[in-house]
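Chemist: only geometry, no sequence info:
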């Protein structure tokens with residue numbers, strides 16, 4: 001019987017390349033740091049090159065091999081270009097983090113159709129198209145790969161009355177089952193597909209809500225009595241990306257201070 005690897009070896013990502021969408025700030029940049037700190041080469045993507053330049057500077061300052069590709073993950077042509085440029089740059093993509101996302105606040109009865117389409121196209125269609133492109137061109141031929149989708153606890157149920165984000169909740173619910181379905185299809189190719197469902201983290205997307213409701217009130221709703229911080233996604237990201245999680249697929253893990261464990265969510 002061969003000896004098992006040490007825990008440090010299981011979490012080591014040396015020699016692997018990760019592509020992180022929405023990686024210029026917030027949760028995406030935190031996840032990019034986690035992968036890079038474990039030894040991966042990291043490519044971050046978002047719409048604005050100026051934001052990406054700052055992100056790459058922060059990654060390189062941490063000793064991470066990092067580069068960027070500016071692309072709009074809500075546009076099919078840009079997604080195709082992103083996949084092609086990432087493969088040209090790296091040769092293969094071992095880890096895909098689908099994180100780019102958008103939200104929109106409006107009562108369901110008055111929610112604009114254009115806003116609905118924008119949210120669903122970026123949060124769901126964009127995830128599918130990029131996973132499809134990299135799966136077909138890099139992961140399936142090599143019979144290995146990791147896909148990490150960023151869902152949300154908003155995809156696990158409804159919201160308090162003061163939150164009116166029906167398109168966002170719907171999109172993240174779709175990401176949850178997209179993750180399960182893709183894991184079942186691609187398991188035979190040696191590809192693991194999992195999702196992280198963050199709770200409330202201070203970010204550009206949540207800034208308006210946290211300002212209106214108050215960070216203390218939002219934190220008090222969680223059993224741990226706190227919001228997420230700039231390192232709370234790192235551990236799970238690395239688990240899903242590394243050999244330490246090689247027998248985990250089709251799972252959705254909430255990182256929310258315990259909010260989703262409450263009766264009624």
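Modeler: Ah, there it is. None of these values were measured; they are calculated from a predicted model.
Chemist: need the pLDDT of residue 164.
Modeler: Confidence at residue 164, expressed as pLDDT, is 86.
Chemist: that one and residue 103 touch, don't they?
Modeler: No: Residue 164 is beyond contact range of residue 103, at 10.5 Å (criterion: CB atoms under 8 Å). Placement of C-beta: from N, CA and C, glycine included.
Chemist: the more surrounded of these two?
Modeler: Neighbours per residue (other CB atoms under 10 Å) separate residue 164 from residue 103, with residue 103 holding more: 22 against 18.
Chemist: give the contact list for residue 12.
Modeler: Contact partners of residue 12, counting by CB atoms under 8 Å, 6 or more residues apart in numbering, are 38-39, 242.
Chemist: which SSE is it in?
Modeler: Per DSSP states H and E, residue 12 falls between elements, in no helix or strand.
Chemist: just the strands in the stretch 101-250 of the chain please.
Modeler: Listed in chain order, the strands found in the stretch 101-250 of the chain under DSSP state E, counting those that start in this stretch are 145-150, 191-198.
Chemist: and those as JSON lines, adding mean neighbour count, mean pLDDT and distance to residue 253?
Modeler: As requested, those are exported to JSON lines (neighbours: other CB atoms under 10 Å; pLDDT from 0 to 100; distance: least, CB to CB, whole Å):
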{"stretch": "strand 145-150", "mean neighbour count": "26", "mean pLDDT": "98", "distance to residue 253": "10"}
{"stretch": "strand 191-198", "mean neighbour count": "25", "mean pLDDT": "98", "distance to residue 253": "6"}
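Chemist: export those to JSON lines and tack on distance to residue 47?
Modeler: As requested, these are arranged in JSON lines below (distance: least, CB to CB, whole Å):
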{"stretch": "strand 145-150", "distance to residue 47": "17"}
{"stretch": "strand 191-198", "distance to residue 47": "21"}
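Chemist: of those strands, which is nearest residue 137?
Modeler: With respect to residue 137, and counting by CB to CB, the nearest of these is strand 145-150 at 10.9 Å.
Chemist: what ranges in this structure fall below the confidence cut-off?
Modeler: Scanning the chain with the threshold set as pLDDT under 70 gives 1-2, 205-214, 263-265.
Chemist: in terms of secondary structure, what does the longest helix anywhere in the chain contact?
Modeler: Assignment by DSSP state H gives helix 166-186 as the longest helix of the chain. Packing contacts for helix 166-186, counted by 3 or more CB pairs under 8 Å, 6 or more residues apart in numbering; DSSP states H and E, involve helix 113-120, helix 126-134, strand 145-150, strand 191-198, strand 252-255.
Chemist: if we go to 6 Å?
Modeler: In terms of contacts (3 or more CB pairs under 6 Å, 6 or more residues apart in numbering; DSSP states H and E), helix 166-186 is packed against helix 113-120, strand 191-198.
Chemist: among these, which comes closest to residue 152?
Modeler: Closest among those, once you apply CB to CB, is strand 191-198, at 5.5 Å.
Chemist: and the gap between residue 3 and residue 9?
Modeler: 11 Å (CB to CB, to the nearest Å).
Chemist: which of those two has more neighbours?
Modeler: residue 9 (12 against 5).
Chemist: how far away is that one from residue 145?
Modeler: 19 Å.
Chemist: try residue 62
Modeler: In terms of CB to CB, residue 62 sits 25 Å off from residue 145.
Chemist: quick check: residue 11 touching residue 242?
Modeler: Yes: taking contacts as CB atoms under 6 Å, residue 11 lies within contact range of residue 242: 4.9 Å.
Chemist: more crowded one of the two?
Modeler: Per other CB under 10 Å, whichever of residue 11 and residue 242 has more neighbours is residue 242, with 21 against 18.
Chemist: tell me what angle the longest helix of the chain forms with strand 145-150.
Modeler: 160 degrees (axes from the mean of the first three to the mean of the last three CA atoms, to 10 degrees).
Chemist: in helix 166-186, what's buried?
Modeler: Judged by neighbour count using 16 or more other CB atoms under 10 Å, the buried positions of helix 166-186 are 166-176, 178-180, 182-183, 186.
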